[in-house]
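> I need the structure of the sequence given here:
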Amino acid sequence: MSNPSRRGALKLTAGLALGGALALTGCGRDGAASAAKASATPVDDTPATGTLNVWAAQGDADVLDKVIKPFKAANPKLTVKFTLIPNAEYYTKLQSAIAAGKGPDVAQFFPESQAQFLDPSILRAVPDGLVDPKSFFASLWDAGVVKDVAYTVPWYAYTYALVYRSDLARKAGVKAPTTWDGMVPFLKALQGAGAGHGLGADIGWDIFNGQDVAMYAWQAGGSLLNGGKWTLDTPQMADALKYNASFFTSKVADTSGPTFLDAQPYFVSGRTAMMITGPWVVGQLDTAAKKDGWTAAHVATAPLPAGPSGSVSFSAGGTWGVLADSGNAQSAWKFVRHLARPSTQVAQYKAYSSLPAVVSAWDDPAIKGQPLLDAFLTQLKNTRAFPQVSTWQQVATRLGKEMEAVAKGTESAAKAAANVQAYAESLGTGAK
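Have a look, this model is predicted:
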């Protein structure tokens, strides 16, 4: 699997959120949402025409011109112009363009961080019948829905699972843990088999750690937002913080490393023996080991261990939306519809290893024949969307900082949960 710099793609959203949500214009969200739903013109099957301006972040979109060759051949009177923007600048430039009324016809978004754009003054509602919502992983579709109106269509998917040194597990005579209680013993066994630390934990203490603890809170049976109110100061959130801290207090993970960029070299060298990470890592390990076939002989994957309420993870990836002021909306939706077809998503996988958001595409032999992806497919079927509110990114960032204090023993889990709750309440949800 290729390296689309997922962390970089996500990291840019924190800065945007900290700078404030996108300024919205037009009518209020309640009334406008209903209007948007009613005015979503059905998309016909005639050829697309005119010019289509498409903006996307560099990475998975780099191969789009190749992937859509069948679409361009079927629509010869359509000109598609791609603008690919570095991840670190993408949302900022898109935000500025939209505010100036100079946005593209179609734009890529990230389902885990697109909430500030889900508004009828910014995006058009997905037309009824354009795609089958049930064909996608449910949480990816849900991430684009506000007040029963869908604004984005999923494109590619990823989530987190366990990636571990199968050779060390065999040596230790242990199998991947299926519950929280089995995690630390499994990691200690990997250390006993020769690993420096069992877990290469993420020690950025930032928004990504916040996403992790949100995932653990779900596994503990908690929620993040309920009825428009933050629900972070709960026993379940405290349990999530304690669970994460247990990796450090038990010495199976180190608060000083590896850093994000060091994670794979540490793993290949045996300084660590497991990562809780996304599927793109799998395809990078042969390169890190400087040996073809290293991954097949040394690596296995498994779904996340279940907490008291199961093995739920979060959904992430890429989506597409059509801008409210697009001058060529019919052609834009035809482009989005093409990208949502199983055959196109398989072509995208073959070109860039982007995992499909359409469930049926996983049955293609090119994907189904990759055993290390099985755990990610299992996990994608049990995921949730992060809160679709504009302040979630700030709240997740604060969660990451509080995780650090608990992991290093300078703050109790209960106090950390209370701190996050107070911070989240001071921000609100950004809802109109």
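> could you find the closest non-adjacent residue to the spatially most central residue of the chain?
A centroid search over the chain (Cα atoms, centre = their mean) returns Ala316, at 2.0 Å, as the residue closest to the centre. Using Cβ to Cβ, 6 or more residues apart in numbering and skipping residues adjacent in sequence, the residue nearest Ala316 is Glu112, 4.3 Å away. Just so you know, the C-beta spots here come from the backbone N, C-alpha and C atoms, and that holds for glycine as well.
> and the one you found, which of the three is it?
State at Glu112, reduced to three classes by DSSP: H, G, I helix; E, B strand; the rest coil: coil.
> let the chain start at 380 from now.
Got it, first residue is 380 now, which makes that one Glu491.
> can you count the residues close to it?
For Glu491, the neighbour count with other Cβ atoms under 10 Å is 25.
> Trp712: neighbour count?
Quick note: Trp712 (other Cβ under 10 Å) scores 27 neighbours.
> mind listing the strands for the stretch 430-579 of the chain?
Counting by DSSP state E, counting those that start in this stretch, the stretch 430-579 of the chain has strands at residues 457-464, 485-488, 524-525, 528-529, 532-537, 540-544.
> per-residue confidence at the residue nearest to the centre of the chain?
We have a pLDDT of 95 for Ala695.
> partners of it in the sheet?
Tyr537 (DSSP bridges).
> wait, it sits on Phe488?
No - between Ala695 and Phe488 there is no contact, the gap being 11.3 Å when judged by Cβ atoms under 8 Å.
> could you list the low-pLDDT ranges of the chain?
Across the chain, the ranges flagged by pLDDT under 70 are 380-419, 811.
> burial count for the residue nearest to Thr628 when sequence neighbours are not counted?
Excluding the flanking residues, the one nearest Thr628 by Cβ to Cβ, 6+ apart is Gly788, at 7.2 Å. By the measure other Cβ under 10 Å, the count of residues near Gly788 is 11.
> my read is that Gly788 contacts Ser625, right?
No - using Cβ under 8 Å, Gly788 is not in contact with Ser625, being 11.7 Å away.
> relative to its centroid, which residue of this protein is most remote?
Going by Cα atoms, centre = their mean, the residue of the chain most distant from its centre is Lys456, 35.0 Å out.
> identify the residues contacting the closest residue to it other than its chain neighbours.
Sequence neighbours aside, Thr428 is the residue nearest to Lys456 in space, at 4.4 Å (criterion: Cβ to Cβ, 6+ apart). For Thr428, the contacting residues are 454, 456-457, 710, by Cβ atoms under 8 Å, 6 or more residues apart in numbering.
> compute the distance between Thr428 and Phe714, please.
For Thr428, the distance to Phe714 (Cβ to Cβ, to the nearest Å) stands at 12 Å.
> ditto for Leu640
Look at Leu640 and Phe714: by Cβ to Cβ, they are 35 Å apart.
> so these two - more neighbours on which side?
Phe714 (25 against 8).
> helix, strand, or coil at that one?
On the basis of three-state DSSP, Phe714 is classed as helix.
> coming back round to it: my guess is the residue nearest to Ala695 meets Ser694, correct?
Yes - here Glu491 reaches Ser694: they are 7.3 Å apart, a contact under Cβ under 8 Å.
> find residues that contact each of the two.
522, 764.
> would you map the strands across the stretch 680-811 of the chain?
For the stretch 680-811 of the chain, the strands defined by DSSP E, counting those that start in this stretch cover 692-693, 695-701, 762-763.
> show me the helices in the stretch 380-529 of the chain, by range?
For the stretch 380-529 of the chain, the helices defined by DSSP state H, counting those that start in this stretch cover 385-397, 408-417, 443-446, 448-453, 466-478, 517-521.
> export only the CA atoms of the third one, formatted as CSV.
Coordinates of each C-alpha in helix 443-446 appear next as CSV, following Å, rounded to 0.1, in the frame of the first residue of the first chain:
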residue,chain,number,x,y,z
LEU,A,443,-7.4,10.4,-10.8
ASP,A,444,-6.6,11.5,-14.3
LYS,A,445,-5.7,7.9,-15.1
VAL,A,446,-8.6,6.3,-13.1
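> thinking again about what came up before, nearest to Pro735, out of the strands of the stretch 430-579 of the chain?
strand 532-537 (6.5 Å; Cβ to Cβ).
> what sits against Leu751?
Leu751 makes contact with 661, 674, 678-680, according to Cβ under 8 Å, 6+ apart.
> what about it, distance to Pro499?
41 Å.
> please look at the residue farthest from the centre of the chain and Leu431 and confirm they touch.
No - here Lys456 lies out of contact with Leu431, judged by Cβ under 8 Å, at a distance of 11.3 Å.
> shared neighbours of those two, which are they?
With Cβ under 8 Å, 6+ apart, Lys456 and Leu431 have no common neighbours.
> quick one on the thing from earlier: between the strands of the stretch 430-579 of the chain, which one is closest to Ser475.
Here strand 457-464 is closest among those (Cβ to Cβ), at 11.2 Å.
> how about that closest one: buried residues?
457, 459, 461, 463-464 (16 or more other Cβ atoms under 10 Å).
> same check on stretch 605-625?
Here stretch 605-625 shows 609-613, 615-625 as buried, counting by 16+ other Cβ under 10 Å.
> give me the subset of these that lies in helices.
Those of the buried residues of stretch 605-625 mapping onto helices are 615-625, per DSSP state H.
> nice, that's everything, thank you.
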